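>>> dropping the sequence and predicted coords here.
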Amino acid sequence: MTTDKINISHSVPQHIAIIMDGNGRWAKARGLDRTEGHKQGAETVKSIVKASGKAGVKYLTLFAFSTENWKRPQYEVDAIMNLLVYMLERETPELNKNNVKLMTIGDISQLEDKAKASLKKSIDTTSNNSGLTLIIALNYGSRAELLRAINNWANDVTAGKVLQKSIDEKTFEKYLYTHNIPDPDLLIRTSGEQRISNFLLWQLAYSEFYFASCTWPDFSDEEFSKALSTFAARERRFGLTGEQIEKNNDKPISSC
Ligand code: FPP
């Protein structure tokens, strides 16, 4: 069987997911409280949202609060939630002006009322925008997302809403928070840590990973550009051979 060459055009990632790590260490290195790191991190969010829109990225997913983050000291949890509300209120007009559409993934029903109300307001205000889709992962954990999907599918089978007795990838994806959102092309994690930390385990199956050594508050537009150019130089294969891919970069192999 001959296989046609597959054109995998990917100079700009359509979807970037980011684990914004290192806020606490940034603050500690300056003798500041951890919450100051989150404040500075929120300013980085602002500049990376802008830079993503300018670069032509269509989806940007930010891991802002995990299912595990509830175990942090209460004052820090409160500070992150208050910061979220403050940023939503301050930045929604700017998001709107820049044609950015806001979405969330994760179980936001567990958030405080004021955070839920601010999110709803910003999501409604930006719902008709057609530029960058900014997806904030809040009370998100990938294992919880996968279990929720399986349980919801099983409930639908029991209720007779779906007829099949086994599930394929396409159907399964409909039960994820990320349904209708393409998988991330690029995952960025800052602060030198090289792990996924329960983030988008299903969706990152074929993503390229980029680990930046600087902390999130120090992740500048230049660092972001570096991540984009590294991505553009990667050869994505999706399980195929280099020869089957039209845009083969013919990368030299290096010995270990
Ligand atoms: C990880 O750094 C960061 C977080 C858990 C919180 C991220 C929140 C923000 C950037 C602010 C609000 C977000 C939005 C979308 C406006 P860490 O605290 O784990 O850092 P460490 O590993 O150095 O302790």
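Perfect, I can see it now.

>>> okay, and residue 61 sits in which element?
Secondary structure from DSSP states H and E places residue 61 in strand 59-66.

>>> and that strand, anywhere near the ligand?
Yes. Using CB under 6 Å from any ligand atom, strand 59-66 reaches the ligand at 62, 64. No exception for glycine: its C-beta is placed from N, CA and C like everyone else's.

>>> what's in contact with that strand?
For strand 59-66, contacts defined as CB atoms under 8 Å, 6 or more residues apart in numbering pick out 14-20, 45, 48-49, 52, 80-81, 84, 105-106, 132-141, 181-182, 184, 197-200.

>>> likewise stretch 180-192?
With CB under 8 Å, 6+ apart, stretch 180-192 has contacts from 10, 13-22, 25, 58-59, 61, 133, 135, 195-196, 199-200, 203-216, 219, 227, 231, 236.

>>> how close does residue 165 sit to the ligand?
40 Å (CB to the nearest ligand atom, to the nearest Å).

>>> can you tell me the closest non-neighbouring residue to that residue?
Leaving aside its chain neighbours, residue 165 sits nearest to residue 157 (7.2 Å; criterion: CB to CB, 6 or more residues apart in numbering).

>>> how many neighbouring residues does that neighbour have?
Residue 157: 15 surrounding residues under other CB atoms under 10 Å.

>>> and for the one 10 residues further on?
As a burial measure, the neighbour count of residue 167 was computed by other CB under 10 Å and equals 17.

>>> residue contacts, it?
Counting by CB under 8 Å, 6+ apart, residue 167 touches residue 153.

>>> tell me the pLDDT of it.
Residue 167 is assigned 88 on the pLDDT scale.

>>> so what's whichever residue of the stretch 101-250 of the chain sits closest to the ligand bridging to?
Nearest residue of the stretch 101-250 of the chain to the ligand, counting by CB to the nearest ligand atom: residue 136, 5.0 Å away. As for beta bridges, residue 136 partners with residue 62, residue 104 under DSSP bridges.

>>> hang on, the earlier thing: now the strand holding residue 61, how far from the centre of its chain.
Its chain's C-alpha centre and that of strand 59-66 lie 4 Å apart, by CA atoms, centre = their mean, to the nearest Å.

>>> tabulate the CA atom coordinates of that strand in PDB.
In PDB, the C-alpha atoms belonging to strand 59-66 read as follows (Å, rounded to 0.1, in the frame of the first residue of the first chain):
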ATOM      1  CA  TYR A  59      -6.300  28.700  21.500                       C
ATOM      2  CA  LEU A  60      -4.300  29.300  24.600                       C
ATOM      3  CA  THR A  61      -4.900  27.100  27.700                       C
ATOM      4  CA  LEU A  62      -3.500  28.300  31.000                       C
ATOM      5  CA  PHE A  63      -3.300  26.000  34.100                       C
ATOM      6  CA  ALA A  64      -4.300  28.500  36.800                       C
ATOM      7  CA  PHE A  65      -5.600  26.200  39.600                       C
ATOM      8  CA  SER A  66      -5.400  22.500  39.900                       C
END
